[in-house]
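Engineer: take this sequence and fold it.
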Amino acid sequence: MIALMDRTIRGLQRSLAAATEETLRPTMHFPPAWDPYFRDVMNVFDVYHYGTQHFEHHRMQLTL
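Structural biologist: Residues are numbered from 1 along each chain as shown. Have a look, this model is predicted:
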């Protein structure tokens, strides 16, 4: 699982490093009821950021 997570993160980092403002701008509807960090409309940058928000949320739960 660690190797899979490392590959996934590296792939996301490569994609984000190659992204431009134009490629991060497209938006899509997300159902806000599914997750407290979802907004009704999110762009690609928001989706990248969501993963860190979600991780931090659960990390804080583990440190309580």
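
Engineer: tell me where the protein has helices.
Structural biologist: 2-18, 21-24, 44-63 (DSSP state H).

Engineer: turn these into CSV, including mean neighbour count.
Structural biologist: C-beta here means a position set from N, CA and C on the backbone, and glycine is covered the same way. Formatted as CSV, the helices of the chain follow (neighbours: other C-beta atoms under 10 Å):
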stretch, mean neighbour count
helix 2-18, 10
helix 21-24, 10
helix 44-63, 12
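
Engineer: for residue 36, find the nearest of those helices.
Structural biologist: Closest to residue 36 of the helices of the chain, according to C-beta to C-beta: helix 44-63, at 7.7 Å.

Engineer: from the chain's centre, how far out does the closest one sit?
Structural biologist: Here helix 44-63 shows a centroid-to-chain-centroid distance of 7 Å under the convention C-alpha atoms, centre = their mean, to the nearest Å.

Engineer: wait, which of the helices of the chain is closest to residue 33?
Structural biologist: With distances scored as C-beta to C-beta, the stretch of the helices of the chain nearest to residue 33 is helix 44-63 (15.1 Å).

Engineer: residues making contact with the closest one?
Structural biologist: 12, 16, 19, 23-26, 28, 35-39, 42 (C-beta atoms under 8 Å, 6 or more residues apart in numbering).

Engineer: again, 6 Å this time
Structural biologist: 16, 24, 26, 37 (C-beta atoms under 6 Å, 6 or more residues apart in numbering).

Engineer: over to stretch 24-40?
Structural biologist: 41-45, 50, 53.

Engineer: rewinding a little: possible to save the helices of the chain as a markdown table with mean pLDDT?
Structural biologist: Conversion of the helices of the chain to a markdown table gives the following (pLDDT from 0 to 100):
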| stretch | mean pLDDT |
| --- | --- |
| helix 2-18 | 94 |
| helix 21-24 | 96 |
| helix 44-63 | 91 |
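
Engineer: pull the number of nearby residues for residue 42.
Structural biologist: Residue 42: 19 surrounding residues under other C-beta atoms under 10 Å.
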